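> take a look and give me a structure for this.
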Amino acid sequence: MALVMSLPKVGEIEAVGSIAIIPEVEAAGSIPQEFGNLSFLAFLDLGSKNFHGNLPQEMARLRRLKFLDLSFNNFRGEVASWFGFLHRLQVLKIRNNSFIGSNPSSFSNISALETLNLNFNSIEGQIPEVIGKSYKP
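Predicted structure coming up:
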């Protein structure tokens with residue numbers, strides 16, 4: 001038996017630092033624009049949750065984000081150029097979606113990025129050389 005949930009009114013929880021939907025919970029739908037109001041968010045794991053549609057532009061305001069996993073959903077459209085505004089991002093996983101087009105040049109602005117997984121989309125192009133340069137084992 002699957003538990004289907006709806007996300008809370010995101011605009012009412014602006015001080016949250018981490019959001020992960022546990023594997024046993026099935027979520028669906030599109031990501032609300034209000035996610036952009038979560039200015040303290042550093043960790044966002046929405047992987048394998050049956051989300052769909054385009055990513056809201058408002059997510060560009062998540063400037064403290066260090067970890068973002070949107071893998072195994074059904075997001076579509078071009079890879080968002082606003083990922084380049086997330087300068088603190090260390091992990092970006094968007095594998096197994098329906099993204100198309102080329103890698104945005106704004107990826108080169110994410111110099112803290114250590115892990116980038118774009119597999120199983122229809123994305124073309126080179127990964128900017130600056131990615132991973134700040135990695136220190």
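> gap between the spatially most central residue of the chain and residue 32?
Centroid check for the chain by CA atoms, centre = their mean gives residue 68 as the closest residue, at 4.2 Å. Distance from residue 68 to residue 32, counting by CB to CB, to the nearest Å: 16 Å. C-betas here are computed from N, CA, C, even on glycine.
> output the below-cut-off pLDDT ranges for the chain.
1-18, 20-26, 130-137 (pLDDT under 70).
> tell me where it has strands.
For the chain, the strands defined by DSSP state E occupy 3-5, 18-20, 25-27, 43-45, 52-53, 67-69, 74-78, 91-93, 98-102, 115-117, 122-124.
> make TSV out of those strands and add distance to residue 59.
What follows is those, written out as TSV (distance: least, CB to CB, whole Å):
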stretch	distance to residue 59
strand 3-5	20
strand 18-20	12
strand 25-27	16
strand 43-45	9
strand 52-53	12
strand 67-69	9
strand 74-78	11
strand 91-93	12
strand 98-102	14
strand 115-117	17
strand 122-124	18
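> and residue 84, which of those strands is closest to it?
strand 91-93 (10.9 Å; CB to CB).
> in that closest one, what counts as buried?
91, 92, 93 (16 or more other CB atoms under 10 Å).
> picking that back up, out of the strands of the chain, flag the one nearest residue 108.
So among those, strand 115-117 is nearest, using CB to CB, at 11.8 Å.
> sheet partners, orientation included, of that closest one?
Strand pairing for strand 115-117, using DSSP bridges, gives strand 91-93 (parallel).
> now the partner strand, how far from the centre of its chain.
Here strand 91-93 is found 7 Å from its chain centre; the criterion is CA atoms, centre = their mean, to the nearest Å.
> which residues touch that strand?
47, 66-71, 83, 86, 110, 113-117 (CB atoms under 8 Å, 6 or more residues apart in numbering).
> returning to that earlier point: out of the strands of the chain, which is closest to residue 60?
strand 67-69 (11.9 Å).
> list the strands paired with that closest one, with their directions.
strand 43-45 (parallel), strand 91-93 (parallel).
> got CSV for these, with distance to residue 124 too?
Output for the strands paired with strand 67-69, formatted as CSV (distance: least, CB to CB, whole Å):
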stretch, distance to residue 124
strand 43-45, 26
strand 91-93, 17
